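K.L.:
Give me the fold of what follows.
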Amino acid sequence: MKALQKFGGFAALYMALAHLTGLIIFIVILDYISITDLSQKVAMNVENQAVVFSTNLLMYVFFGFFLIVFSLAIYNRLKTGAPALMQVATVIGIIWAGSLIASGMVANAALTSVVSLYATDPAQAALTWQGIEPAIDGLGNANGEILGGLLTLLISLAALRPGELPKSLNILGLVIGTVGIISLVPVLTGTLGPVFGLGQIIWFIWMGIVLLRSNPCKTATSELLRAN
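P.N.:
Take a look at the predicted model:
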């Protein structure tokens, strides 16, 4: 159990780093968000194929696998105090992980096809990307952070009961989780999505530090002693 907590802590820190790195690459370096013209968007993907491919692996595929480790670690940490909540949270975490992995894999498969097609028929490459991009965005939760929001909210609710995590961390998780869920509303997605992303980076860092530093066995023993 102690080893799993450590792995969960490292996983949380990786996810924070991957998310932050991905945001910097897509928003600052590639300026992907501001590109609205379809042909320019495809040209950007073609010109930066290696960077986009690697970032998809980092931000979605690898992130998804680390999310599974984190979900199992936090389940073991909090299952005694809130078993039902943590069962639901763990299932949601694994579903979210699968969705992100699928998004990254589909994006990279589409990227490879579009790059090959672009060399002979740029217009057809643009149409192909136009047809695939909504599926990539949907799997990646670009239309609302319902899965990430629910996971963060449920973990924070579960941690309030046994006092396994710092109260301030739980409050942050409740706020960030709620923001993620509300971001599902179409008119709020563009505003609240980035707020959720930045907030969850902080939450993952804090969660990683807590999991790496604390001893769950000692905490559980203390809880039993107080109960008796």
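
K.L.:
Using CSV, list the CA coordinates for stretch 183-203.
P.N.:
The C-alpha trace of stretch 183-203 is given here as CSV (Å, rounded to 0.1, in the frame of the first residue of the first chain):
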residue,chain,number,x,y,z
SER,A,183,-17.9,23.9,-17.9
LEU,A,184,-20.1,21.4,-19.7
VAL,A,185,-22.6,24.3,-20.3
PRO,A,186,-21.7,25.3,-23.9
VAL,A,187,-21.6,29.1,-23.3
LEU,A,188,-19.3,28.6,-20.3
THR,A,189,-16.9,26.0,-21.8
GLY,A,190,-14.5,28.5,-23.3
THR,A,191,-14.2,30.4,-20.0
LEU,A,192,-14.4,27.8,-17.4
GLY,A,193,-12.4,25.1,-19.2
PRO,A,194,-9.0,26.9,-18.9
VAL,A,195,-9.9,27.8,-15.2
PHE,A,196,-10.5,24.1,-14.5
GLY,A,197,-7.2,23.1,-16.3
LEU,A,198,-5.1,25.6,-14.4
GLY,A,199,-6.8,24.8,-11.1
GLN,A,200,-6.4,21.1,-11.5
ILE,A,201,-2.7,21.5,-12.2
ILE,A,202,-2.4,23.1,-8.7
TRP,A,203,-4.6,20.3,-7.3
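
K.L.:
Which stretches in the chain count as helices?
P.N.:
Here the chain has its helices, by DSSP state H, at 2-23, 38-47, 49-56, 62-78, 83-118, 122-139, 146-160, 167-182, 186-213, 216-227.

K.L.:
Serialize those helices to JSON lines and add fields for distance to residue 30.
P.N.:
For the C-beta atoms, the positions are set from N, CA and C on the backbone; glycine is no exception. Shown next, in JSON lines, are the helices of the chain (distance: least, CB to CB, whole Å):
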{"stretch": "helix 2-23", "distance to residue 30": "10"}
{"stretch": "helix 38-47", "distance to residue 30": "6"}
{"stretch": "helix 49-56", "distance to residue 30": "7"}
{"stretch": "helix 62-78", "distance to residue 30": "18"}
{"stretch": "helix 83-118", "distance to residue 30": "13"}
{"stretch": "helix 122-139", "distance to residue 30": "15"}
{"stretch": "helix 146-160", "distance to residue 30": "23"}
{"stretch": "helix 167-182", "distance to residue 30": "24"}
{"stretch": "helix 186-213", "distance to residue 30": "16"}
{"stretch": "helix 216-227", "distance to residue 30": "41"}
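
K.L.:
Buried deepest among those, which one?
P.N.:
Most buried of the helices of the chain by mean neighbour count (mean count of other CB atoms under 10 Å) is helix 146-160; its value is a mean of 24.

K.L.:
what's the angle from that helix to helix 62-78?
P.N.:
If you take axes from the mean of the first three to the mean of the last three CA atoms, to 10 degrees, helix 146-160 sits at 20 degrees to helix 62-78.

K.L.:
mean confidence score for helix 146-160?
P.N.:
Mean pLDDT, helix 146-160: 95.

K.L.:
same for that helix, what does it pack against?
P.N.:
helix 62-78, helix 83-118, helix 167-182, helix 186-213 (3 or more CB pairs under 8 Å, 6 or more residues apart in numbering; DSSP states H and E).
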